[in-house]
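>>> here you go, sequence then predicted model.
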Amino acid sequence: MREVHVRDAIGMRLAHDLTRIVPGEFKGRVFQKGHVIREEDIPMLLDIGKEHIYVLEIPPGQLHEEEAAIRLANAVSGDNLTSDGPSEGRVDLKATIRGLLKVDTEALWMINSIGELAVVTRKTDTVVETGAMVAAMRAIPLLIEEQKIIQAETTARMSAPVITVLPFRHTKAGIITTGSEVAEGRIEDRFGPRIREKVAPFPVDVLGQKIVGDRKEDIQTAIRQFLAQGADLIICTGGMSVDPDDRTPGAIHELATEVVTYGMPVLPGSMMMLAYINHVPVFGLPGAVIYEPVTAFDLFLPKILAGDKVTRGEVAEMGHGGLLK
Ligand SMILES: Nc1nc2c(c(=O)[nH]1)N[C@H]1C(S)=C(S)[C@@H](COP(=O)(O)OP(=O)(O)OC[C@H]3O[C@@H](n4cnc5c(N)ncnc54)[C@H](O)[C@@H]3O)O[C@H]1N2
Ligand code: MOO
């Protein structure tokens, strides 16, 4: 901090907040710490009795925490985000839509390894509401080496973007329910209502539900019919485990252009299948989805509805933290 005459302080930063008091009318902050003094501020400064003020001296090659936070936010922010601040040296990123938060976790790790700065996010692949705070960032010291921010900016540019929110797409879904016990009316179908409940928070139109038995050909005919109707998501239920009547995985497998996985390191829901027929994702949901409140299906559904392609690598990573129950 250095003491300077106000007339010499133009372009310098205030070292602390300045308060004005007008009896009966006003008491509060008129200039904020870090504020860059402009020519037009001088009359007000003199009005509140400040002929001399303390300014922050920023040596070349250093950045004030607020500028550092603003630059970090600009560097990491992708689509559907707005920034808020700086306040107390921190800039926040908020979602401007309801969607799926995507964080490039590797780039984030690299940025946070630079030191003396912090970029903090919610977990990637979480559903975020409009207006929700999804990330916050700051420099740790009041003055930070500009080189560190440049390094963060370079890392962010290579991964573009580090943080983004994907919108949920308008999706037409077809439900195919297998199982002779349901087709023959021995038990009441519980899967249809369950899936409608799971997709309700998203822009999904359910084209319909086809109740088929355990014949592979019937499951495949139902899949083809939904594709012909323009379905961009197909959800098959039941018949996913090891019994002779469990024909769903085979039926999907034969029609699929890509099977991402049959079985995954998540419990409950480990017998789930995810495949693609061209660009249309196809789920095979195990019985556990009707019984358990949260399963593998809940982890994958938002990604699929945001059009985020699921890879085998991501599936394998889910074992860590995949014990949901
Ligand atoms: N020996 C093994 N047994 C089981 C395995 C395994 O790997 N080896 N996996 C277990 C897991 S995990 C699950 S989950 C379950 C269920 O898997 P399925 O998807 O094959 O389910 P189903 O056999 O078709 O049905 C199980 C149960 O749920 C009832 N069900 C099915 N669909 C409906 C419906 N639409 N509405 C109402 N109820 C429905 C069905 O009647 C059965 O009672 O397998 C474990 N076992
Ligand atoms: O597929 Mo089962 O859902 O792991 O319980």
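That came through fine. Ligands and ions are numbered 1, 2, ... in the order given.
>>> pull out the buried residues from stretch 152-171.
A152, E153, T155, A156, P161, V162, I163, T164, V165, L166, F168, T171 (16 or more other C-beta atoms under 10 Å). No exception for glycine: its C-beta is placed from N, CA and C like everyone else's.
>>> please state the offset of that stretch from the chain centre?
Offset of stretch 152-171 from its chain centre (C-alpha atoms, centre = their mean, to the nearest Å): 9 Å.
>>> as a check, name the ranges of all strands in the stretch 101-250 of the chain.
Counting by DSSP state E, counting those that start in this stretch, the stretch 101-250 of the chain forms strands over residues 117-121, 127-128, 133-139, 143-145, 163-167, 171-177, 204-211, 233-237, given from the N-terminal end onward.
>>> mean pLDDT lowest where, among those strands?
For those, the weakest mean pLDDT is recorded on strand 143-145, namely a mean of 93.
>>> each with direction, which strands does it pair with?
strand 62-64 (antiparallel) (DSSP bridges).
>>> what backbone torsions are found at D8?
Backbone dihedrals for D8, given as degrees, to the nearest 10, come out at phi -100, psi 0.
>>> could you give the number of residues near it?
Under the neighbour criterion other C-beta atoms under 10 Å, D8 is assigned a count of 12.
>>> what pLDDT does it get?
The per-residue confidence score, pLDDT, reads 90 for D8.
>>> which ones are touching L267?
Under the criterion of C-beta atoms under 8 Å, 6 or more residues apart in numbering, the contact list for L267 reads G322, L323, L324, K325.
>>> so it bridges to which residues?
On DSSP bridges, the residues paired with L267 through beta bridges are L323.
>>> that one and ligand 1: what is the separation?
Here the criterion is C-beta to the nearest ligand atom, to the nearest Å. By it, L267 lies 8 Å from ligand 1.
>>> same deal with R38?
Here the distance between R38 and ligand 1 works out to 67 Å (C-beta to the nearest ligand atom).
>>> who touches that residue in this structure?
I10.
>>> tell me the contacts of the residue nearest to L100 when sequence neighbours are not counted?
Of all residues not flanking L100 in the chain, A306 sits nearest, at 3.8 Å (C-beta to C-beta, 6 or more residues apart in numbering). Applying C-beta under 8 Å, 6+ apart, one finds that A306 lies in contact with G99, L100, L166, P167, F168, R169.
>>> using JSON lines, lay out those together with distance to Q147.
Formatted as JSON lines, the contacts of A306 follow (distance: C-beta to C-beta, whole Å):
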{"residue": "G99", "distance to Q147": "34"}
{"residue": "L100", "distance to Q147": "34"}
{"residue": "L166", "distance to Q147": "33"}
{"residue": "P167", "distance to Q147": "36"}
{"residue": "F168", "distance to Q147": "40"}
{"residue": "R169", "distance to Q147": "41"}
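>>> sweet, I'm off.
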